[in-house]
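Undergrad: Fold the following for me, if possible:
(one chain, ligands or ions: 4)
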Amino acid sequence: MLLLVVRLSRLAFIASSLSLVDGFNPTATSSQSLRPAYWFSFGDSYTQTGFNITTGPLPSPGNPLGNPAYPGDTATPGENWIDVATTKSNHSLVLTFNFAFSGATVSRDIVPPYADFVRTLPDQIDELVAWDNGNTKRVWRSDDALFSIWIGINDIDLSYASDVNHTALTDKLITRYFEQVEDLYNLGARNFLFINVPPLNRTPSLLGQPASVRAKEAGIIAYYNAQLREGVRAFRQRKRHQKRREVKTWEYDAYEAFTRVLDRPGEYGFNNVTGDDGTPGQFWYNWLHPVSAAQVIFGREIGELLAGTPW
Ligand SMILES: *[C@@H]1O[C@H](CO)[C@@H](O)[C@H](O)[C@H]1NC(C)=O
Ligand SMILES: *[C@@H]1O[C@H](CO)[C@@H](O)[C@H](O)[C@H]1NC(C)=O
Ligand SMILES: *[C@@H]1O[C@H](CO)[C@@H](O)[C@H](O)[C@H]1NC(C)=O
Ligand SMILES: *[C@@H]1O[C@H](CO)[C@@H](O)[C@H](O)[C@H]1NC(C)=O
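TA: Ligands and ions are numbered 1, 2, ... in the order given. Model prediction:
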């Protein structure tokens with residue numbers, strides 16, 4: 001356990017709970033070993049695979065992300081982190097329902113997405129609820145389902161340049177974020193993975209801007225990530241006070257991970273951290289998306305963070 005702690009802290013991961021295996025042991029009995037684990041993921045283009053819960057096919061053994069065919073409609077050609085976390089760095093058979101939708105924001109009324117059809121975080125949660133309500137019997141259990149949220153990227157990308165009080169805006173976003181986390185909790189969610197906002201100020205879309213603009217965005221990201229971390233802490237504390245000790249949270253520090261790779265790209269197989277035109281060796285693609293090779297790194301690290309869990 002000590003080794004695990006050391007390794008996690010070296011990678012600047014924060015595991016809020018190290019009692020990871022209680023309550024779920026996929027190999028405990030033969031009947032349990034047939035049960036898959038479930039992963040419900042919410043987010044934006046960094047996570048999206050184009051999954052559609054109404055058309056099917058739904059995730060199943062042998063096809064753990066359902067539709068479309070693996071690796072799905074990812075933002076950059078190839079696998080993304082949720083593909084890898086589901087099929088390669090997974091710790092049991094994991095069926096992933098990926099509601100992430102390109103362009104998504106925390107809430108339409110706070111930062112409207114770039115187009116009306118974009119499914120924001122509450123829209124994505126509604127899709128899960130509608131499906132759940134349509135099932136005669138719930139297929140997942142609180143102890144075998146993980147709920148992940150990676151959002152905030154579009155909220156900041158769409159608002160950093162506007163002349164508003166960004167402290168107040170971020171406070172609003174984070175308050176709404178955790179209202180939606182409570183909604184998930186009330187639905188039965190007990191295991192949560194939170195992922196913060198990467199250094200968008202280092203994306204090609206910002207590199208062409210004056211240093212002062214990049215610094216302003218960096219400040220907004222730092223405040224968002226600090227408030228997200230504080231929100232997770234407050235959520236955990238609230239649940240402890242309510243004696244809901246089964247609630248577990250994990251945090252993947254995407255800000256740290258992106259920074260580490262961008263600072264020492266050669267160690268991770270990249271030779272270009274400014275271009276985004278698809279030339280091999282580049283970290284970025286399409287303005288602000290990490291290429292698949294970078295996504296694979298993050299998917300593997302998230303797998304390490306979840307070591308000892310079914311996911
Ligand atoms: C899923 O497909 C249906 C039917 O084509 C469509 O109406 C719906 O918008 C799709 N959902 C998502 C999340 O793309
Ligand atoms: C991880 O997922 C893949 C794809 O569903 C599956 O074949 C494999 O057995 C899983 N790994 C573990 C350790 O269960
Ligand atoms: C911006 O909002 C924060 C938080 O609501 C507030 O404390 C601060 O005074 C505001 N700043 C200005 C310049 O209005
Ligand atoms: C990175 O890629 C861009 C676009 O192809 C190119 O203009 C730039 O010179 C490259 N930078 C390095 C350090 O190779």
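
Undergrad: Show the contacting residues for Leu288.
TA: Contacts of Leu288 were listed using CB atoms under 8 Å, 6 or more residues apart in numbering, and they are Ile153, Asp157, Leu200, Thr203, Pro204, Ser205. For glycine as for every other residue, the C-beta is placed from the backbone atoms N, C-alpha and C.

Undergrad: among those, who's most crowded?
TA: Ile153 (27 neighbours; other CB atoms under 10 Å).

Undergrad: what separates it from Val106, distance-wise?
TA: As judged by CB to CB, to the nearest Å, Ile153 and Val106 stand 10 Å apart.

Undergrad: Please apply the same query to Arg240.
TA: 25 Å.

Undergrad: Which one of those two is surrounded by more residues?
TA: Val106 (24 against 11).

Undergrad: Who's the closest spatial neighbour of the more buried one, skipping the chain neighbours?
TA: Setting aside the residues directly before and after it, Val106 is nearest to Leu173 in space (CB to CB, 6 or more residues apart in numbering), at 4.8 Å.

Undergrad: Neighbours of that neighbour, how many?
TA: Around Leu173 there are 23 residues (other CB under 10 Å).

Undergrad: what's near enough to touch it?
TA: Contacts for Leu173 (CB under 8 Å, 6+ apart) come out as Val106, Ser107, Ile110, Val111, Gly152, Asp155, Tyr224.

Undergrad: Report the spatially nearest residue to the closest residue to ligand 2 within the stretch 101-250 of the chain, omitting neighbours in sequence.
TA: Residue nearest to ligand 2 within the stretch 101-250 of the chain: Asp144 (13.4 Å; CB to the nearest ligand atom). Once flanking residues are discounted, Asp144 sits nearest to Ala37: 5.0 Å by CB to CB, 6+ apart.

Undergrad: Check what pLDDT that neighbour gets.
TA: Looking at Ala37, its pLDDT is 98.

Undergrad: what does the chain put close to ligand 2?
TA: Neighbours of ligand 2 within the chain, by CB under 6 Å from any ligand atom: Pro64, Thr87, Asn90, His91, Ser92, Leu93.

Undergrad: top of those by neighbour count?
TA: Asn90 (20 neighbours).

Undergrad: surely that residue meets Gly303?
TA: Yes: the criterion here is CB atoms under 8 Å, and Asn90 meets it with Gly303 at 6.8 Å.

Undergrad: Which residue does the stretch 1-150 of the chain have closest to ligand 3?
TA: Counting by CB to the nearest ligand atom, the stretch 1-150 of the chain gets nearest to ligand 3 through Ile110 (13.8 Å).

Undergrad: Any stretches of the stretch 151-300 of the chain with poor pLDDT?
TA: Of all residues in the stretch 151-300 of the chain, none has pLDDT under 70.

Undergrad: What ranges does it have for its helices?
TA: Along the stretch 151-300 of the chain, the stretches classed as helices by DSSP state H, counting those that start in this stretch are 153-159, 166-187, 204-207, 211-241, 254-263, 292-305.

Undergrad: Could you export these as JSON lines, including distance to Gly269?
TA: Listed next are these as JSON lines, based on distance: least, CB to CB, whole Å:
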{"stretch": "helix 153-159", "distance to Gly269": "23"}
{"stretch": "helix 166-187", "distance to Gly269": "33"}
{"stretch": "helix 204-207", "distance to Gly269": "19"}
{"stretch": "helix 211-241", "distance to Gly269": "25"}
{"stretch": "helix 254-263", "distance to Gly269": "9"}
{"stretch": "helix 292-305", "distance to Gly269": "6"}
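
Undergrad: out of these, nearest to Asn133?
TA: Smallest distance to Asn133 across the helices of the stretch 151-300 of the chain (CB to CB): 10.3 Å, for helix 166-187.

Undergrad: which residues does the residue of the stretch 101-250 of the chain closest to ligand 2 contact?
TA: Phe24, Arg35, Pro36, Ala37, Tyr38, Pro310.

Undergrad: Can you list the buried residues in stretch 34-52?
TA: 35-51 (16 or more other CB atoms under 10 Å).

Undergrad: Go ahead and confirm Tyr224 touches Ile174.
TA: Yes: at 7.3 Å, Tyr224 and Ile174 qualify as touching, with contact defined as CB under 8 Å.

Undergrad: Looking at those two, which is more packed in?
TA: Counted by other CB under 10 Å, Tyr224 and Ile174 do not tie: Tyr224 has more neighbours, with 24 against 21.

Undergrad: contacting residues for that one?
TA: Applying CB under 8 Å, 6+ apart to Tyr224 gives the contacts Gly152, Asp155, Ile156, Thr170, Leu173, Ile174, Asn196, Val197.
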